[in-house]
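Chemist: Build me a model:
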Amino acid sequence: MRNIEGTDTMWAFARQQPSQGLGRKLRLAAGLLLTILVLTGALLAVPVWAQAPDTSLADQPKVAPPHSIEDLNLVAADASMPTFADSFVPVQSHFRQSMYRHGMALRLITQQQYSQNTIAAPVTPDAQTYIGQHPFEDAMLQPILVADLRQLHLHRTQLYVGGVWNWVSWNPAGPKSFQLWNLYAYKAWGHTADGPRLQTKTGYVSLNLEFVGLFVGGSTATGGQGVYAVLPYEVGMSYFPLTSPAVLARIQGPGHSYLKLAAQRSIDAGGGPAEVARNGSGFRFDPHGDKVLAIGEAGYLRNATRGSHEAWLRTGFMRNWTPYRNLLTNQEQTGNYCAYLLMDAQLKQTSEAHPDHGMYAGASFMTVPDTLNAYSRYYELRAYKEAPLESRPSDLVSIVASHTSYSRLETNQLLSSGRTAWRSGSTLTASYALHASPGNFLGFGLTYLHGPAVTPRSPSALTFLASWTTYF
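Modeler: Numbering: from 1, shown residues only. Predicted coordinates:
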């Protein structure tokens, strides 16, 4: 559900707020999570393991037939989750089928990650400035309940409810949280060859799965290795494990084109830790000072078929009306924004039976005003291969190179005060995502970091990353 990035999170401390009492809303969030977890434990206690075994992910179609349990998976997003067939709990089990007969699906996702620099001795915990400089661990538990509302005569409509417990050993890389993740109503209208004509989501939505498309290969199971761009989050877009009220629409146009629009209550300008300090439950609708973030994304997405390679081009712009501290004047100013352009193309197909298998290449560019943000530009080149080995049809191997420019206003201030700083940071990451068994994904990666943190000017690093994600 999340990526690891090699730079520090200095911008997260720009506007820390005193912690708020959690009160009734936190008790509601805790009650929601506990209820879902109790349901999960009770349902998983059913003897499902004697059911027919799953087939591998490679034997499952990427596009599910109409009116299947996959209608209850994550839909209308820029990232995808594994199919229910690719789950630790078999799709034909009594658990899955009994819930599906009532128009519901329950999914539990767990993840653990570890990262450490391999070419220098670890610093003390209070001296670290980037992930892996001191051994870093994180873990998350994410229950998701989806209900088809046809029982209420609301066709092509679903209720999507998710909570999250997220823990990190270094809070700036977090945040640590136990809160609401998603709570929204989804609705679809019309039909086209590429899916519904119009799809909407209204409620509390974590937008990092909905816009930009940051996951290498497009899947939350295999795309979380290596680096990622922090710029959209720096500008206030909600991201895992954080959520905020939003309304969004996806409009399918002609010739594989689409348009996505959203209005979201901004995440706190101080970043993730400040957001959790002010809104610990995730339910708080309008914290004082947080204004509207508007996002527009236009794209062209052609899925792979026999004789047609996959292609995905998307460009977008987001503007935030929340006040941010101007690094030049030291006054609060509105108008923070992020513009982005990303493209991915399939260069070669390696399987007629599975057209999505093969070699891909992609590139990214993002920019934000350096007067309002510590990170100002992001560039990325990537090459990856789905099914790198014939015997491993569900694995993914990738090489990602990135370059991040740091705000000259920020670095000039640091240097003038006698501190050391990097002007930019570059990374090169090689990773392998292993589909170990149905629902189980292991990830391994090595990242070379040149300029790993804005300040101090730390030596280059070579960090090792290991992750284990399970979809129940």
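
Chemist: any idea how far Thr222 is from Ala79?
Modeler: 11 Å (CB to CB, to the nearest Å). Bear in mind the C-beta positions are built from the backbone N, C-alpha and C, glycine included.

Chemist: Neighbour count: those two, which is higher?
Modeler: Thr222 (26 against 20; other CB atoms under 10 Å).

Chemist: give me the element the more buried one is part of.
Modeler: Following DSSP states H and E, there is no helix or strand that holds Thr222.

Chemist: can you pull the contacts of it?
Modeler: Neighbouring residues of Thr222 by CB atoms under 8 Å, 6 or more residues apart in numbering: 215-216, 395-396, 433, 435, 441, 443.

Chemist: where along the stretch 301-450 of the chain do the helices fall?
Modeler: If DSSP state H, counting those that start in this stretch is used as the criterion, the helices of the stretch 301-450 of the chain fall at 408-416.

Chemist: ok, Pro125 touching Gln133?
Modeler: No - proximity of Pro125 to Gln133 does not meet the contact threshold set by CB atoms under 8 Å, at 9.8 Å.

Chemist: out of those two, which sits in the busier spot?
Modeler: More crowded of Pro125 and Gln133, by other CB under 10 Å: Gln133, with 26 against 12.

Chemist: List the backbone torsions phi and psi for that one.
Modeler: For Gln133, the backbone dihedrals (degrees, to the nearest 10) come out as phi -60, psi -40.

Chemist: That one: what's it in contact with?
Modeler: 117, 122-123, 127, 452-453, 458, 461.

Chemist: joint contacts of Thr222 and Ala79?
Modeler: Both Thr222 and Ala79 are contacted by Phe215, under the criterion CB under 8 Å, 6+ apart.

Chemist: Just grab the bridge partners of Leu301 for me.
Modeler: With DSSP bridges as the criterion, Leu301 is bridged to Trp312.

Chemist: so how far is Phe365 from it?
Modeler: Distance, Leu301 to Phe365, using CB to CB: 19 Å.

Chemist: Please say which of the two ends up with more neighbours.
Modeler: In this view Leu301 and Phe365 are compared by other CB under 10 Å, and Leu301 has more residues nearby, 19 against 15.

Chemist: tell me the contacts of that one?
Modeler: 194, 256, 258, 311-314.

Chemist: please redo it, this time with the cut-off set to 10 Å
Modeler: Contacts for Leu301 (CB atoms under 10 Å, 6 or more residues apart in numbering) come out as 78, 194-195, 213, 218, 252, 256-258, 310-314, 344.

Chemist: before we move on, what about Ser458?
Modeler: Neighbours of Ser458 in contact, by CB under 10 Å, 6+ apart: 8, 117, 120, 123, 128-130, 133, 420, 422, 449, 451-452.

Chemist: For the residues you listed, which two are the farthest from each other?
Modeler: Asn117 and Thr420 (18.3 Å; CB to CB).

Chemist: These two - which one has more neighbours?
Modeler: Per other CB under 10 Å, whichever of Asn117 and Thr420 has more neighbours is Asn117, with 27 against 12.

Chemist: how near is the closest residue to that one other than its chain neighbours to His134?
Modeler: Take Asn117 and drop its neighbours on the chain: the residue closest to it by CB to CB, 6 or more residues apart in numbering is Ala461, 4.4 Å away. Here Ala461 is placed at a distance of 11 Å from His134 (CB to CB).

Chemist: ditto for Glu70
Modeler: Per CB to CB, Glu70 is found 42 Å from His134.

Chemist: what do you get for Leu152?
Modeler: Separation of Leu152 from His134 (CB to CB) stands at 51 Å.

Chemist: Of these two, give the one with the bigger neighbour count.
Modeler: His134 (19 against 11).

Chemist: What's the per-residue pLDDT of that one here?
Modeler: Predicted confidence (pLDDT) at His134: the value is 96.

Chemist: burial of the residue nearest to it when sequence neighbours are not counted, as a residue count?
Modeler: Using CB to CB, 6+ apart and skipping the chain neighbours, the partner closest in space to His134 is Gln128 (4.2 Å). Gln128 is flanked by 22 other residues according to other CB under 10 Å.

Chemist: Kindly report the same for Arg250.
Modeler: When neighbours are defined as other CB under 10 Å, Arg250 has 24 of them.

Chemist: ok, now Glu386?
Modeler: Neighbour tally, Glu386, other CB under 10 Å: 27.

Chemist: what does the one 4 residues further on give?
Modeler: With neighbours defined by other CB under 10 Å, the count for Glu390 comes to 9.

Chemist: Check Ala304 too.
Modeler: Using other CB under 10 Å, Ala304 is surrounded by 20 other residues.

Chemist: Can you tell me how far it is from Arg392?
Modeler: With distances taken as CB to CB, Ala304 is found 18 Å from Arg392.

Chemist: And for His67?
Modeler: In this structure, His67 lies at 32 Å from Arg392, with CB to CB as the measure.

Chemist: one step back: which residues do Pro125 and Gln133 both contact?
Modeler: Trp170.
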